[in-house]
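[1] just coords:
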DNA sequence: ACGTATCTACTACCTTGGTAGTATTACCAC
DNA sequence: GTGGTAATACTACCAAGGTAGTAGATACGT
């Protein structure tokens, strides 16, 4: 029953989702706390508002615990990643997986180790065909 | 003089850019024409307005030819692709190239042939290290 | 010369993401 | 029981993407 809807999350939305996926649910305060490092801190109400909007969109749901809401993901990380990645591959490389990987490999720094891992990955994938 | 600015184009913007990249410049009518297949057709003014907005953002420029504008790309496809792909890899996979490729490989259909090509690609890349 | 088609300019509107302030409610500590 | 604290609700705003209508200018065919 994985909804085949295509998900397109904004930056903040995705960061929030990552917190929820990681802890399988969190209050506004917890999300805020988790996001507070690394970059400019947001207002409590920013998170709260965003979560409410996301609930309307069906990305999250909440249950009440005491006086506060515990939000939980309503979509799976895998689905979101897949649909966003696919969307980009389609947009940028007309759906060509090869072109996409090729692009990544030629425009980014890659370590020898990563290449080795990738080789292994492909070998594995081959076996499964 | 490749601006290192990070580009984030919307769907329509990208489709327009692709037309401009392909023909190194085009009038509104030509762009509209090129986009008209495949999906719901847009209004002439939609393209015109979008191009004007894109010019403000520095994505395109125009010269006048007769009474009409010929728009030309002001950013390179490679740069746009790179920055959009990187952005996604960062957002979705915390910057891990391996995770990104791995995800693509496991959630998409891949033909034996593609895998072979990828192997070759990686081997080549390895040599260049 | 006149009407029609073609262009650009301007304006408008809707949606979504992002950000946050204010108001209200409810609970907790003392 | 009163003040502070922590939550949610509501409202507002801005920017950007997307879509398109209307108006005004211009060229072109006959």
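    All right, it came through fine. If you're wondering where the values come from, they're calculated on a predicted model, not measured in any experiment.
[2] quick one: pLDDT of the closest residue to DNA strand C within chain A?
    Per C-beta to the nearest atom of the strand, residue A:10 is where chain A lies closest to DNA strand C, at 2.1 Å. Yep, even glycine has a C-beta here, placed from its N, CA and C like the rest. We have a pLDDT of 97 for residue A:10.
[3] go on, the one 3 residues further on?
    In this model, residue A:13 is scored at 98, pLDDT.
[4] what's the answer for residue A:31, then?
    The score at residue A:31 is 97. That number is its pLDDT.
[5] My read is that it contacts residue A:20, right?
    Yes: proximity of residue A:31 to residue A:20 meets the contact threshold set by C-beta atoms under 8 Å, at 7.3 Å.
[6] any idea how far residue B:84 is from the residue of chain A closest to DNA strand C?
    For residue A:10, the distance to residue B:84 (C-beta to C-beta, to the nearest Å) stands at 15 Å.
[7] In terms of neighbours, single out the busier of these two.
    Neighbour count, other C-beta atoms under 10 Å in any protein chain shown: between residue A:10 and residue B:84, residue B:84 has more, with 18 against 11.
[8] Surely that one is within a helix?
    Yes: according to DSSP: H, G, I helix; E, B strand; the rest coil, residue B:84 belongs to a helix.
[9] right, and it touches residue A:89 too?
    No: Residue B:84 sits out of contact with residue A:89 when judged by C-beta under 8 Å, with a separation of 10.9 Å.
[10] where exactly do the helices run in chain A?
    Assigned helices in chain A, in chain order: A:11-23, A:28-35, A:44-56, A:77-93, A:97-107, A:112-127 (criterion: DSSP state H).
[11] what about stretch A:36-50, near chain B?
    No: for stretch A:36-50 and chain B, the contact criterion (C-beta under 8 Å from any C-beta of the partner chain) is not met; the two come no nearer than 11.3 Å.
[12] per-domain residue ranges of chain A.
    Under automatic domain parsing, the residue ranges defining each domain of chain A are A:11-73, A:97-129.
[13] Tell me which of the helices of chain A lies nearest to residue B:94.
    Nearest to residue B:94 among the helices of chain A is helix A:11-23; the distance by C-beta to C-beta comes to 8.9 Å.
[14] which parts of that closest one are buried?
    A:13-21 (16 or more other C-beta atoms under 10 Å in any protein chain shown).
[15] With stretch A:58-65 instead?
    Within stretch A:58-65, the residues that count as buried by 16+ other C-beta under 10 Å are A:59-60, A:62.
[16] now those as a markdown table including distance to chain B and pLDDT?
    Listed next are the buried residues of stretch A:58-65 as a markdown table, based on distance: C-beta to the nearest C-beta, whole Å; pLDDT from 0 to 100:
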| residue | distance to chain B | pLDDT |
| --- | --- | --- |
| A:59 | 15 | 97 |
| A:60 | 18 | 97 |
| A:62 | 24 | 97 |
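[17] nearest to residue B:51, of those residues?
    Closest to residue B:51 out of the buried residues of stretch A:58-65 is residue A:59 (33.3 Å), distances taken as C-beta to C-beta.
[18] Can you verify my assumption that the closest one contacts residue A:72?
    No: between residue A:59 and residue A:72 no contact is recorded; they are 10.4 Å apart, counting by C-beta under 8 Å.
[19] Need the overlap of contacts for residue A:31 and residue A:20.
    residue A:71 (C-beta atoms under 8 Å, 6 or more residues apart in numbering or on different chains).
[20] rewinding a little: what separation is there between the residue of chain A closest to DNA strand C and chain B?
    In this structure, residue A:10 and chain B are separated by 10 Å, where distance is defined by C-beta to the nearest C-beta, to the nearest Å.
[21] And for residue A:91?
    Here the criterion is C-beta to the nearest C-beta. By it, residue A:91 lies 6 Å from chain B.
[22] now residue A:14
    Using C-beta to the nearest C-beta, residue A:14 is found at 6 Å from chain B.
[23] Spatially nearest residue to that residue, not counting backbone neighbours?
    What sits nearest to residue A:14 in space, not counting adjacent residues and going by C-beta to C-beta, 6 or more residues apart in numbering or on different chains, is residue B:91, at 5.6 Å.
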